[in-house]
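Novice: Structure for this input, please:
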Amino acid sequence: MQIQYTKDINNESILSIIRRFCNYIDPRLTEHGSHVSYIVFQMLKETGRFTKEEIRDICFIAQLHDVGAYKTEEITRMLQFETKDVWDHSFYGYLFIRYFSPLKDFAPAVLLHHLNWNFLEKKSGLNPLMKDLGQLIHIADRIDVLMSLQNYSWEETLSFLKKEQGTVYAPHIIDMVEKLGFKKSIEEEWKADNQFNEFLTEIPLSGEAITDYLKMLVFIIDFRSHYTVTHTITTTSISYELGKLLSYPEDRLNVILCGALLHDLGKIAVPVEILEFPGKLSRQAMNIMRTHVDYTKEIFGGSIDEAVERIALRHHEKLNGTGYPNGLFAKDLSKEERLVAIADIISALTGTRSYKDSYPTETIKNILEAMKDDQLVDPDIVSIAISNLDSILETTAVRCRPILHIYEKLKKEYEYLLDLTTDKEKLDFALSIKEPEKTALWP
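Specialist: Next comes the predicted model:
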């Protein structure tokens, strides 16, 4: 089973989807990431050191350099990042980028992006390029914090940085900074710079990279709700198995897979206490939960293929018009949309939560039969699902096992590092971690 998002979508649209998605966690970090990405671009564009593809990827990693802070809840302490607890978000972000993004080759730059130059310069065994990229992000980060949060002028910012060159900041990177000259706020400069926006769309991402970025968003949901990630994984697998049983061709299966993959992105905007509530939700809480479909549509922003978007946005519609968000009827719903809706139900029933075990297979079959009798779901797909439920669930369990193993591995590595005391110990441990095996989430 291999997901491949094959429809036209440009780099700026992918970045916009990522930004809108992360905005629902905390817009401050999203804005900060955009600013840092822009500043890094300004420093690199005339150096001739990197290809355009490399600069594009470096800009993407700069956008995501603080992704670990979404998990470690350091967002409100952004001004302390350079002096306190920098390892928490740097290390978690490093692991996340390595394991769950298409940018794993640049992950060490995230790991190093708050370490002082006088430490990095002396540290043997580090890739010199990663040292430089870590410093680029570090300095761009500091420029944005000084100018955007502390209201420094460009002249004051440059003076601040130069006072610490050779100790906190690499002199050769400060030389690059001196060629900059921001006349307005970083936000104004970023939004008005057509060259930057054009550059991001100039070199298209491969279909594999686009798919990997979309997968990455599913993994980011883990920062809010581990259950939602496992639910998405199982829904996607079950959808694939149902599609195969219906003898759908590969192109049709792929559209189903993409829709299932993205169907719950909007849950990033739902409060954690509702996502993880231990029991049946109240009517008010359920109304809030239902908004995740609307948020998913907002995150897409019109950039996702229409057939994929319809599958993602219609997985709670019912054949008799009692579903949400639009109360559609059977005549409005394609077979693909009906299929993912049923896969979503099966996944929810098989999901293990802190307060409940998975429903027994016979109970799931009875629930599906009752929903079919009530004209809520497609009878033909339900019949196939019931007849093959044991094999569907067995295959799904095997398919999902590797990703759950990686989640556990990441957690253990992160907790171990936090018990270490010195920068040297932490860096040595981080760099000793073996390269992760290719995630077999959708092999």
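Novice: Just the buried residues of stretch 377-391, please?
Specialist: 377-378, 381-382, 384-386, 389 (16 or more other Cβ atoms under 10 Å). Every C-beta, even on glycine, is put in place using the N, C-alpha and C of the backbone.
Novice: Sorry, wrong one. I was asking about stretch 251-269.
Specialist: Residues 253-269 are the ones in stretch 251-269 that count as buried (16+ other Cβ under 10 Å).
Novice: again with stretch 393-404
Specialist: So for stretch 393-404, counting by 16+ other Cβ under 10 Å, buried means 393, 395-396, 399-400, 403.
Novice: Name the pair among the buried residues of stretch 377-391 with the greatest separation in space.
Specialist: With Cβ to Cβ as the measure, no two of these lie farther apart than Asp378 and Leu389, at 15.3 Å.
Novice: tell me the secondary structure for the closest residue to Asn23 other than its chain neighbours?
Specialist: In this structure, Asn23 finds its nearest non-sequential neighbour in Thr30, 4.8 Å apart by Cβ to Cβ, 6 or more residues apart in numbering. Judged by DSSP: H, G, I helix; E, B strand; the rest coil, the three-state class of Thr30 is helix.
Novice: what does Ala430 give?
Specialist: helix.
Novice: Verify the contact between it and Phe91 for me.
Specialist: Yes - contact status for Ala430 versus Phe91: in contact at 6.1 Å, counting by Cβ atoms under 8 Å.
Novice: So which residues of the stretch 1-150 of the chain form strands?
Specialist: Assigned by DSSP state E, counting those that start in this stretch, the stretch 1-150 of the chain shows no strands.
Novice: Next, show the common contact partners of Ala430 and Phe91.
Specialist: Common contact partners of Ala430 and Phe91 (Cβ atoms under 8 Å, 6 or more residues apart in numbering): 111, 417.
Novice: and the residue nearest to Asn23, how many neighbours?
Specialist: For Thr30, the neighbour count with other Cβ atoms under 10 Å is 20.
Novice: Let me know whether Thr30 touches Arg19 as I believe.
Specialist: Yes - at 5.1 Å, Thr30 counts as touching Arg19 under the criterion of Cβ under 8 Å.
Novice: got a markdown table for the buried residues of stretch 377-391, with secondary structure, distance to Ala330 and pLDDT too?
Specialist: Formatted as a markdown table, the buried residues of stretch 377-391 follow (DSSP: H, G, I helix; E, B strand; the rest coil; distance: Cβ to Cβ, whole Å; pLDDT from 0 to 100):
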| residue | secondary structure | distance to Ala330 | pLDDT |
| --- | --- | --- | --- |
| Val377 | coil | 10 | 98 |
| Asp378 | coil | 8 | 98 |
| Ile381 | helix | 12 | 98 |
| Val382 | helix | 13 | 98 |
| Ile384 | helix | 17 | 97 |
| Ala385 | helix | 17 | 97 |
| Ile386 | helix | 19 | 97 |
| Leu389 | helix | 23 | 97 |
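Novice: any idea which helix or strand of the chain has the worst average confidence?
Specialist: Using mean pLDDT, DSSP states H and E, the weakest-scoring helix or strand in the chain turns out to be helix 67-72, at a mean of 77.
Novice: Any regions of the stretch 51-200 of the chain where pLDDT drops low?
Specialist: Residue ranges of the stretch 51-200 of the chain with pLDDT under 70: 72-85.
Novice: Which parts of it are helices?
Specialist: All helices of the stretch 51-200 of the chain, identified by DSSP state H, counting those that start in this stretch, fall at 52-63, 67-72, 86-100, 107-112, 117-120, 128-144, 154-163, 171-177, 186-192, 194-202.
Novice: what residues are up against the closest residue to Val168 other than its chain neighbours?
Specialist: Distance criterion Cβ to Cβ, 6+ apart; nearest residue to Val168, sequence neighbours excluded, is Asn116 at 4.8 Å. Counting by Cβ under 8 Å, 6+ apart, Asn116 touches 167-169.
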